[in-house]
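Participant: Give me the fold of what follows.
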Amino acid sequence: SSPTQVGALSDWSFVNNDGAASFAIKTDGTLWAWGQGSNGVLGLNNTTTYSSPVQVGSSTDWAYVDTSGSNSFAIKTGGTLWTTGLGTSGQLGNLVLANRSTFGQVGSDTNWDKGSISGQGALIIKTTDALWGFGANVDGALGNGQGQGINSPVQIGSVSTWAFISCGATDGSSNRNANTGIKSNGTLWSWGDGSLGELGLNNRTFYSSPVQVGALTDWSSVSSGNGMSFATKTNGTLWSWGSNSDGQLGQNNLTYRSSPVQIGALTNWSSVAAGNVACLARKTDGTLWSWGGGSFGVLGSNAQANRSSPVQVGALTNWGTVFALTRTSASVKTDGTLWTWGYNEFGQLGHNDVINKSSPTQVGGLSTWSEINGSLYSFVSIKTDKTLWSWGTNSSGQLGTGDIVYRSSPVQLGADTSWRFSARSFQSANSSIKQ
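Facilitator: Next up, the predicted model:
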């Protein structure tokens, strides 16, 4: 019921966890995996479940890794792309419609840079800013203008100006094939499943290739949740569209929106985190705001009521990194303290109990927390000393603690002191890199 260190090492550099499968890269460039190994997703040449980190091969040049829990991809320092896991619909991009239990190189290109993965496939940007995809292509999610699956990387369009991609929610409770992206000229684009209006194209149509959302060129960030999307502009305004069953669009109503609508009139929004039906956002003044479905106290408003417009969480002005899961929320403040609230059946709040919390509650008394990430009912966090900690559900050994015992407080993973979160991570569940 409180954080527990995974081992005693302090040289972890990058960690990624989708809720069942976990990966980490150390500062020496080695790749490690643990958790549920179904379909060969861990790349350990089997489908075994591991409850503590195991090195993947012997290479020392791994730079980035992402996993959906079914399939995984990794990029080496030389820019080569590697995949493992579920591949029956082309998700591995290796021309073979079969699973693979070890990482195999995809083609021979050496300019792969960053991307996002789901159980259906992957979207990856190269160093040239060109967007490429491969996989099942359900609902046209790859954006290549076709409906059939692609078992090797294909470029999405002919323009090489992509700056950011956000894939639809894949947090373990949902898997919507709606994707959004921003180009270097500030234009906003979307494609895939638009049945809830989440593409922002003023309809509920499916699109198999990227379509520009409006004509504006001042979009700065976009985040896709469960049937909804949020975006900020360079002028500090916040916009939303898509599903609104619990008021999660923040428009003071329950009306679904199929095109972007501004949330209020303020121009000081800094960042937004979209959960399942609840949303958290931080302003430039350091205040924290929430709205949407309030079950289990996930909004932090000291109640469980839904809110259809932003409500300030407390009165403090030192909120930093904010993270929203299906029913649980977390934040590291600028003073280094860690706070969590919401659903707590598996101890994922880290308070050494399984009691739900409807307002932010500090995890322990330390002020050395640096970053946090999570997936479904577990969290990982890094401290300022670069140690890595995990807690919450552990049915598949995803906490990396050498067992399958749930932890209701943070536990250190090894003794390494060189973990850091990846600056290139897109919509990864839990991501970090050792230094």
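Participant: Read off the pLDDT value for the nearest residue to Ala33 once chain neighbours are set aside.
Facilitator: Nearest non-adjacent residue to Ala33, counting by CB to CB, 6 or more residues apart in numbering: Leu42, 4.0 Å away. C-betas here are computed from N, CA, C, even on glycine. Confidence at Leu42, expressed as pLDDT, is 95.
Participant: again with Ala8
Facilitator: 60.
Participant: Then the one 5 residues further on?
Facilitator: Per-residue confidence at Ser13 stands at 51 (pLDDT).
Participant: Equivalent analysis for the one 10 residues further on, please.
Facilitator: Here the pLDDT value assigned to Phe23 is 84.
Participant: who does the one helix or strand it maps to pair up with?
Facilitator: Assigned by DSSP states H and E, Phe23 belongs to strand 21-26. Sheet pairing of strand 21-26 (DSSP bridges) gives strand 12-17 (antiparallel), strand 31-35 (antiparallel).
Participant: how about that strand as CSV, C-alpha atoms only?
Facilitator: Output in CSV follows, covering the C-alpha atoms of strand 21-26 (Å, rounded to 0.1, in the frame of the first residue of the first chain):
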residue,chain,number,x,y,z
ALA,A,21,4.2,-6.2,-19.6
SER,A,22,7.1,-3.9,-18.6
PHE,A,23,10.4,-2.9,-20.2
ALA,A,24,13.4,-0.9,-19.0
ILE,A,25,16.6,0.3,-20.5
LYS,A,26,19.7,0.9,-18.3
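Participant: can you tell me the average pLDDT over stretch 71-82?
Facilitator: Averaging pLDDT along stretch 71-82 yields 95.
Participant: can you pull the buried residues of it?
Facilitator: Across stretch 71-82, burial judged by 16 or more other CB atoms under 10 Å covers Asn71, Ser72, Phe73, Ala74, Ile75, Lys76, Thr80, Leu81, Trp82.
Participant: and Asn226, how many residues sit next to it?
Facilitator: Residue crowding around Asn226 was assessed by other CB atoms under 10 Å; the count is 24.
Participant: Report pLDDT for it.
Facilitator: 84.
Participant: what helix or strand does it sit in?
Facilitator: Element membership for Asn226, per DSSP H and E: none, as it lies in no helix or strand.
Participant: correct me, but it touches Gly292?
Facilitator: No. Here Asn226 lies out of contact with Gly292, judged by CB atoms under 8 Å, at a distance of 10.4 Å.
Participant: what's the overlap in contacts for those two?
Facilitator: Here Asn226 and Gly292 have Gly275, Val277 as joint contacts, going by CB atoms under 8 Å, 6 or more residues apart in numbering.
Participant: which stretches of the stretch 101-250 of the chain form strands?
Facilitator: Along the stretch 101-250 of the chain, counting by DSSP state E, counting those that start in this stretch, strands occupy 112-118, 121-126, 131-135, 150-155, 162-167, 178-183, 188-192, 207-212, 219-224, 228-233, 238-242.
Participant: Distance to Ser358 and mean neighbour count for these - can I get that in JSON lines?
Facilitator: As requested, the strands of the stretch 101-250 of the chain are exported to JSON lines (distance: least, CB to CB, whole Å; neighbours: other CB atoms under 10 Å):
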{"stretch": "strand 112-118", "distance to Ser358": "32", "mean neighbour count": "24"}
{"stretch": "strand 121-126", "distance to Ser358": "37", "mean neighbour count": "25"}
{"stretch": "strand 131-135", "distance to Ser358": "39", "mean neighbour count": "26"}
{"stretch": "strand 150-155", "distance to Ser358": "45", "mean neighbour count": "18"}
{"stretch": "strand 162-167", "distance to Ser358": "29", "mean neighbour count": "22"}
{"stretch": "strand 178-183", "distance to Ser358": "30", "mean neighbour count": "26"}
{"stretch": "strand 188-192", "distance to Ser358": "34", "mean neighbour count": "26"}
{"stretch": "strand 207-212", "distance to Ser358": "39", "mean neighbour count": "18"}
{"stretch": "strand 219-224", "distance to Ser358": "24", "mean neighbour count": "22"}
{"stretch": "strand 228-233", "distance to Ser358": "23", "mean neighbour count": "25"}
{"stretch": "strand 238-242", "distance to Ser358": "24", "mean neighbour count": "26"}
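Participant: before we move on, the earlier item: can you get me the centre-to-centre distance for the strand holding Phe23 and its chain?
Facilitator: 15 Å (CA atoms, centre = their mean, to the nearest Å).
Participant: and what of stretch 368-383?
Facilitator: On CA atoms, centre = their mean, the centre of stretch 368-383 falls 12 Å from that of its chain.
Participant: quick one: average pLDDT of it?
Facilitator: pLDDT averaged over stretch 368-383 gives 86.
Participant: again, but for stretch 322-340
Facilitator: What stretch 322-340 shows for mean pLDDT is 92.
Participant: Going by neighbour count, which residues in that stretch are buried?
Facilitator: Within stretch 322-340, the residues scored as buried using 16+ other CB under 10 Å are 322-333, 337-340.
Participant: So for that stretch, first residue to last residue, what's the gap.
Facilitator: With CA to CA, to the nearest Å as the measure, stretch 322-340 spans 10 Å from end to end.
Participant: from here on, count from 24
Facilitator: In the new numbering, first residue 24, that becomes stretch 345-363.
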